[in-house]
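sharing a model that was predicted from the sequence below.
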Amino acid sequence: MVLVNSHYQKLQAGYLFPEIQRRIKAFAADHPDADLIRLGIGDVTEPLPPACREAMETALAAMGTAEGFHGYGPEQGYPWLREAIAHHDYQQRGCAIEADEIFISDGSKCDTSNILDILGPGNRIAVTDPVYPVYVDSNVMAGHTGPADEQGRYGGLQYLPLTADNHFSAPLPSTPVDLIYLCFPNNPTGVVATGAELQRWVDYARSHKALILFDGAYEAFIRDPELPHSIFEIDGAQECSIEFRSFSKNAGFTGTRCAFTVVPKALTGQSHGGESVSLWNLWSRRQSTKFNGVGYVVQRGAEAVYSPAGQKQVAQLVDFYMENAALICQQLRSLGLTVYGGQHAPYVWVKTPDGVSSWQFFDQLLRGAHVVSTPGSGFGFAGEGYIRLSAFNSRARVEGAMARIAQSGVQ
Ligand code: MLT
């Protein structure tokens, strides 16, 4: 009989978003005429920027010719895309990141999970609470945790609460850790970290020889020019951080699939024998073995994000979603609800009315307003008492959702 990875049996229920889908499906089966407005999963709704689409069309046409055909590309990504990213996203912001430190992939979700391939067992790990569930579940699957307790917290992980009391700024670990997951602008709370806050983390990581896994998938939504977009804008970060970035949310590539991970050459870990090992070498080796790169056509589309037209169109797209976020915040506040986030992120973190749990409020919005949200408790124990609303939808749907919530009498 084949043996399974029994660490999977420690996982709590379903992965959050399929679980929400399951509940929506059950609701829709009972209410076939309900026109649901989905502000749950952070999936974009607006068409691809024309510059990206046109670049992909041109690339696709080239693929139909003998001269323009491309077979396997470099596993780490085409140099022209890596160079465009290094220049625009890093060097122009004063970060000394080189093109060969950028690894193109098909998604940050995959990379934040796959990175565990190059990290050994036995690392002491810190995650925020609430947290993007992928970081936790991947560690459970890899056998890096014990079972979950009655609050759903896994043994062996240190949970750093993000609460209204600490202004959603995670406290430093109370006992030393080796691996720290940070996501700013934050999913799910929608809050952003200042340079000083990130410096505190980098200083901690350097003094504890820890590694920061920094998820910057939402950096494009930062409005304040003083705020850092990358962990590499922080002094010393290249010695202690890996950054994950994506074209999903800024350029609408959730269905197109293109992202990248930045692994500085200066980064090292330690072998069991105490030898210093380059993480760049390990990740490059991992990608060459297990990954065949992102399609040529898609990488050409991603490259177009950095063209003058692409930059303008992406900025318009981001502005559009951020206007939705502002609308959600303003409308919910006018109903007397307490909301956080939504200023530098496409997520709004809404306090549930007194005595109403996350799933109860999710159900109230679903049944009373036909609006889909994400229950905060799905992101961790400290997310109880909140729901998350996503600003990714058309203006008409967002306005419709707000009007329905107001009419449903929620307060
Ligand atoms: C979310 O809703 O949290 C996002 O869709 C997560 C993701 O991008 O995978």
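Right, received. Where do you want to start? Keep in mind that this is a model prediction, so the values were computed, not measured.

tell me where the protein is predicted with low confidence.
Low-confidence regions of the chain, defined here as pLDDT under 70, cover residues 13-15, 411.

and the residue nearest the centre of it?
Closest residue to the average C-alpha location of the chain: A217 at 4.8 Å, with C-alpha atoms, centre = their mean.

for that residue, what are its contacts?
Going by C-beta atoms under 8 Å, 6 or more residues apart in numbering, A217 touches S108, C183, N187, F244, R245, S246, S248, K249, A259. For the C-beta atoms, the positions are set from N, CA and C on the backbone; glycine is no exception.

from those, which is closest to the ligand?
If you rank these by distance to the ligand using C-beta to the nearest ligand atom, N187 comes first, at 5.0 Å.

next, count neighbours for the closest one.
Residue neighbour count, defined by other C-beta atoms under 10 Å, stands at 24 for N187.

for the residue nearest to it when sequence neighbours are not counted, give me its contacts.
When the adjacent residues along the chain are set aside, N187 lies closest to Y132, with 5.0 Å between them (C-beta to C-beta, 6 or more residues apart in numbering). With contact set as C-beta under 8 Å, 6+ apart, Y132 has these partners: T112, C183, N187, P188, D215, F379.

which SS class is the residue nearest to P161 when sequence neighbours are not counted?
If you skip the residues right next to it in sequence, P161 has A382 as its closest partner in space, 4.6 Å away by C-beta to C-beta, 6+ apart. Here A382 takes the helix state, with states given by DSSP: H, G, I helix; E, B strand; the rest coil.

how much space between A382 and A205?
Per C-beta to C-beta, to the nearest Å, A382 is found 22 Å from A205.

is the lengthiest helix in the chain anywhere near the ligand?
Across the chain, the longest stretch assigned as helix under DSSP state H is helix 308-334. No. Counting by C-beta under 6 Å from any ligand atom, the ligand is not contacted by helix 308-334; separation bottoms out at 13.1 Å.

centre of the chain versus that helix, how much separation?
Averaged C-alpha coordinates place helix 308-334 at 18 Å from its chain's average position (C-alpha atoms, centre = their mean, to the nearest Å).

and the next helix or strand past it?
strand 339-341 (DSSP states H and E).

list the neighbouring strands of the next helix or strand after that next one plus their orientation.
From strand 339-341 onward toward the C-terminus, using DSSP H and E, the following helix or strand is strand 347-351. Each strand that pairs with strand 347-351, with its direction, by DSSP bridges: strand 339-341 (antiparallel), strand 386-390 (antiparallel).

can you say which of those is packed in most?
Mean neighbours per residue, mean count of other C-beta atoms under 10 Å, is largest over the strands paired with strand 347-351 for strand 386-390, with a mean of 29.

and the contacts of that strand?
By C-beta under 8 Å, 6+ apart, the list of residues contacting strand 386-390 from outside reads 39-43, 130, 188-190, 328, 332, 346-352, 358, 361-362, 365, 373-377, 379.

now with 7 Å, please.
Strand 386-390 is contacted by residues 39-42, 188, 328, 346-352, 358, 361-362, 373-376 when judged by C-beta atoms under 7 Å, 6 or more residues apart in numbering.

wasn't Y181 part of a strand?
Yes. Checked against three-state DSSP, Y181 lies within a strand.

which residues touch the spatially closest residue to it that is not a sequence neighbour?
Spatially, and ignoring its direct neighbours in sequence, Y181 is nearest to Y135 (4.4 Å; C-beta to C-beta, 6+ apart). With C-beta under 7 Å, 6+ apart as the criterion, the residues that contact Y135 are T112, V127, Y181.

one more time with 10 Å
Residues in contact with Y135 (C-beta atoms under 10 Å, 6 or more residues apart in numbering) are 109, 112-113, 115-116, 125, 127-128, 157, 179, 181-183, 213, 215.

tell me the two of these that are most distant?
Spatial extent of the contacts of Y135 (C-beta to C-beta) is set by the pair K109 and L157 at 18.8 Å.

quick one: which of those two has more around it?
For K109 versus L157, neighbours defined as other C-beta under 10 Å are more numerous around L157 (24 against 19).

distance of Q364 relative to I387?
With distances defined as C-beta to C-beta, the gap from Q364 to I387 amounts to 10 Å.

likewise H7?
Going from H7 to I387 by C-beta to C-beta gives 30 Å.

again with D89
Here the distance between D89 and I387 works out to 32 Å (C-beta to C-beta).

and what of S394?
Using C-beta to C-beta, S394 is found at 21 Å from I387.

do the same with Q343
Using C-beta to C-beta, Q343 is found at 18 Å from I387.

so what's the residue in the stretch 51-200 of the chain that the ligand sits nearest to up against?
In the stretch 51-200 of the chain, no residue comes nearer to the ligand than K109, which is 4.5 Å away by C-beta to the nearest ligand atom. If a contact means C-beta under 10 Å, 6+ apart, then K109 has Y132, V134, Y135, S138, D215, A217, F244, S246, S248, A259 as its contacts.

and A406, how many neighbours does it have?
There are 15 residues near A406, going by other C-beta under 10 Å.

now swap in G73 and tell me
By other C-beta under 10 Å, the residues close to G73 number 16.

that one contacts I104, doesn't it?
Yes. G73 sits in contact with I104 when judged by C-beta atoms under 10 Å, with a separation of 8.8 Å.

give me the common contacts of the two.
Taking C-beta under 10 Å, 6+ apart as the contact rule, the neighbours common to G73 and I104 are L81, G293, V294, Q299.

starting at the chain centroid, how far to the one helix or strand the last one maps to?
The one in question is Q299. Following DSSP H and E, one finds Q299 within helix 296-303. Centre-to-centre, helix 296-303 and its host chain are 21 Å apart (C-alpha atoms, centre = their mean).

helices and strands around it, which ones?
When contacts are defined as 3 or more C-beta pairs under 10 Å, 6 or more residues apart in numbering; DSSP states H and E, helix 296-303 sits against helix 50-63, helix 79-85, strand 102-105, helix 308-334.
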